[in-house]
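Student: Structure for the following, please:
(chains A and B)
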There are 2 protein chains.
Amino acid sequence: MALPSKVKIVEVGPCDGLRNEKQSVPTATKVELIRRLGDAGLKSIEATAFVSPREAPQMADAAKVMAKIERREGVGYPVLVTNMQGFEAALAAGAKEIAVLGAASEAFSRKNIDCSIAESLERFRPVVAAAKEADINVRGYVSCVLGCPWQGEVKPTTVAEVAWALFDMGCYEVSLGDTIGTGTPEATKAMIEAVAKRMPLKKIAGHFHDTYGMAIANIYAALQLGVSVFDASVGGLGGCPYAAGASGNVATEDVVWLLEGLGLKSGLDLAKLVDAAGWISQELGREPQSKVARALLAKGTAALAA
Amino acid sequence: MALPSKVKIVEVGPCDGLRNEKQSVPTATKVELIRRLGDAGLKSIEATAFVSPREAPQMADAAKVMAKIERREGVGYPVLVTNMQGFEAALAAGAKEIAVLGAASEAFSRKNIDCSIAESLERFRPVVAAAKEADINVRGYVSCVLGCPWQGEVKPTTVAEVAWALFDMGCYEVSLGDTIGTGTPEATKAMIEAVAKRMPLKKIAGHFHDTYGMAIANIYAALQLGVSVFDASVGGLGGCPYAAGASGNVATEDVVWLLEGLGLKSGLDLAKLVDAAGWISQELGREPQSKVARALLAKGTAALAA
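Tutor: Predicted coordinates for the structure are as follows:
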């Protein structure tokens, strides 16, 4: 199996990352983070979420963020929405791409959005239709693809059904998320193979959390199957809501280190990413979660001190 | 390529780990760490190093450690030696297994032990011969197998030559170390394939550092080639001497999480390993480097607090 020659990274730090950080982040900081990420070469930057402030207090300034970011040519700034109300607010704020989030676990769906998987998909249907009508692209997410904090095991065939439903509804790409980070490489492969039986492999993205240190190995496993789009979060922004103090999203810099080592093109500037990771981590008053950022920043400091 | 069904972990925390920790660790703490590691099921625990205290001040109490550890049946306690003097001290302290460390980088060898690779191998020859005479097993290490902090690139053929020399000299196993942690999975495979052309694959062990977050992916790559022995350090003990503040040895718990996810038997008790990681990290006054330990300890704390 050949690895893909080119890989796209979807940066989720400003939304999926920051929404899981404890402290409040000023709008200007979010805007500057998005600017730095664009400057590092990212072509898709999940900017914010139009959801109820009760659900995601960090994202209450969504409209302000969208009004203030500098929009680079060729760069997409998708925003997360969960219903028609959110979609309309996103549209009003000038969003050109949205994302919707389904779960592959009934227990997770019930606990998090108080409805079944089937009901959540029905809720997205008019949103996706309205987006199409407004010429807005829609990306789909499936959470809990390798395990659920409430029900434990999640079947690959269930993941495949939900992914297919989102694709069939009109999502141009479906990102498969190991929300709790418990997945390992062979389970990752089995899950992706199940999904690829229902929808085209090149429309599948991988979204791995590094809670148990497995994300890079899982990405390598997915690359071995030909998956060529991965979500990542600069500096590993976003902790794990199911284990406070543990890490969540895989860090963009770590993914880029892997890709460069494998000789795969990502079009990203590693030094700028590491700078952005160092900067936003400092803004949050903590160290980057990323091993690459820590190692390179430590070497930089050592070099400066020498 | 089938993964091996059974994997052996060689625990290097008490030696390779602690010797790279900044603060001094009391002998009693080392002895207790080794006891806990044996209790978690480890069958090979690198206990200490008989080297000059100038070289490794943390290991100055080597003879005391060897005198005080409880030796479990079926468990090996290898110790690192660098010359005849060290070997004799190890022998006097009752060591039943030793390890010698060669480099695959000329620049690293010169910088670290002030001699060429060839000279270092000649220095080991009488040590290995004397060990054989005394019925002491010898394990070989090769450092810098995927890159060197001083010379950069290291050729797989050079790694293969040094590994072969150690094997040919009488080492029962040769552990290939990515000392600076810059390696990625395909480079790992190419390097191991080169070594396996010179010596039996089942005599090859992998020793990966997680400085850039690649260790688990590299281990997965090595497993795909059939490598079935890996070195690891509980709690990720041992920072990276080439980037202060960055991490070094891959954590034993993280490797076990990978193996369990892959359905491979290691014979280790993950809960006891995580407890040992939490305990020794507390003794060192810091958090475990291991993502698995952090996640599981955080969940435990959260559960207790709830």
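
Student: C-alpha only now, for contacts and for neighbours.
Tutor: Noted.

Student: can you give me the helices for chain A?
Tutor: Along chain A, the segments classed as helices by DSSP state H run A:27-39, A:62-68, A:84-92, A:106-113, A:117-133, A:156-169, A:185-196, A:215-225, A:252-261, A:270-283, A:291-305.

Student: So for residue B:245, which of those sits nearest?
Tutor: Among the helices of chain A, helix A:291-305 comes nearest to residue B:245, with 6.1 Å by CA to CA.

Student: what's the closest residue in space to residue A:162 that isn't next to it in sequence in contact with, if anything?
Tutor: Sequence neighbours aside, residue A:104 is the residue nearest to residue A:162 in space, at 6.3 Å (criterion: CA to CA, 6 or more residues apart in numbering or on different chains). Going by CA atoms under 8 Å, 6 or more residues apart in numbering or on different chains, residue A:104 touches A:117, A:142-145, A:154, A:158-159, A:162.

Student: Mind doing that once more with 6 Å?
Tutor: By CA atoms under 6 Å, 6 or more residues apart in numbering or on different chains, residue A:104 lies in contact with A:143-145, A:159.

Student: hang on, the earlier thing: take the helices of chain A and write them to JSON lines, including mean neighbour count, distance to residue B:61 and mean pLDDT.
Tutor: Output for the helices of chain A, formatted as JSON lines (neighbours: other CA atoms under 10 Å in any protein chain shown; distance: least, CA to CA, whole Å; pLDDT from 0 to 100):
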{"stretch": "helix A:27-39", "mean neighbour count": "19", "distance to residue B:61": "50", "mean pLDDT": "98"}
{"stretch": "helix A:62-68", "mean neighbour count": "18", "distance to residue B:61": "59", "mean pLDDT": "98"}
{"stretch": "helix A:84-92", "mean neighbour count": "18", "distance to residue B:61": "65", "mean pLDDT": "97"}
{"stretch": "helix A:106-113", "mean neighbour count": "17", "distance to residue B:61": "53", "mean pLDDT": "91"}
{"stretch": "helix A:117-133", "mean neighbour count": "17", "distance to residue B:61": "60", "mean pLDDT": "96"}
{"stretch": "helix A:156-169", "mean neighbour count": "21", "distance to residue B:61": "53", "mean pLDDT": "98"}
{"stretch": "helix A:185-196", "mean neighbour count": "20", "distance to residue B:61": "41", "mean pLDDT": "98"}
{"stretch": "helix A:215-225", "mean neighbour count": "25", "distance to residue B:61": "38", "mean pLDDT": "98"}
{"stretch": "helix A:252-261", "mean neighbour count": "23", "distance to residue B:61": "38", "mean pLDDT": "98"}
{"stretch": "helix A:270-283", "mean neighbour count": "20", "distance to residue B:61": "39", "mean pLDDT": "96"}
{"stretch": "helix A:291-305", "mean neighbour count": "18", "distance to residue B:61": "30", "mean pLDDT": "75"}
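
Student: closest to residue A:8 out of those helices?
Tutor: Closest to residue A:8 of the helices of chain A is helix A:252-261 (CA to CA; 10.2 Å).

Student: outside of the closest one, which residues touch it?
Tutor: Taking contacts as CA under 6 Å, 6+ apart, the residues outside helix A:252-261 that touch it are A:232-234, A:292, B:184.

Student: Filter these down to just the ones in strands.
Tutor: With strands taken from DSSP state E, the overlap with the contacts of helix A:252-261 comprises residue A:232.

Student: I'd like to know which residues of the stretch 201-306 of chain A are adjacent to chain B.
Tutor: Neighbours of chain B within the stretch 201-306 of chain A, by CA under 6 Å from any CA of the partner chain: A:212-213, A:216-217, A:243-244, A:246, A:261, A:291-292, A:294-295, A:298-299.

Student: sorry, back to before: so among the contacts of helix A:252-261, where is pLDDT lowest?
Tutor: Lowest pLDDT of the contacts of helix A:252-261: residue A:292, 95.

Student: Disregarding residues adjacent in the polypeptide, which is nearest to the residue in chain A that chain B sits nearest to?
Tutor: The minimum distance from chain A to chain B, using CA to the nearest CA, falls at residue A:217 (3.9 Å). Excluding the flanking residues, the one nearest residue A:217 by CA to CA, 6+ apart is residue B:217, at 3.9 Å.

Student: Let me know the distance separating residue A:85 from residue A:62.
Tutor: Distance, residue A:85 to residue A:62, by CA to CA, to the nearest Å: 13 Å.

Student: Repeat that for residue A:203.
Tutor: Here the distance between residue A:203 and residue A:62 works out to 27 Å (CA to CA).

Student: hang on, the earlier thing: buried subset of the contacts of helix A:252-261 as a ChimeraX selection?
Tutor: With 16 or more other CA atoms under 10 Å in any protein chain shown as the criterion, this ChimeraX line picks the buried residues out of the contacts of helix A:252-261:
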select /A:232,233,234,292 /B:184
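
Student: okay, the contacts of helix A:252-261 in JSON lines with distance to residue A:109 next?
Tutor: Below are the contacts of helix A:252-261 laid out as JSON lines (distance: CA to CA, whole Å):
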{"residue": "A:232", "distance to residue A:109": "23"}
{"residue": "A:233", "distance to residue A:109": "24"}
{"residue": "A:234", "distance to residue A:109": "27"}
{"residue": "A:292", "distance to residue A:109": "34"}
{"residue": "B:184", "distance to residue A:109": "37"}
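
Student: and which of the contacts of helix A:252-261 is nearest residue B:29?
Tutor: Nearest to residue B:29 out of the contacts of helix A:252-261 is residue A:292 (CA to CA; 31.1 Å).
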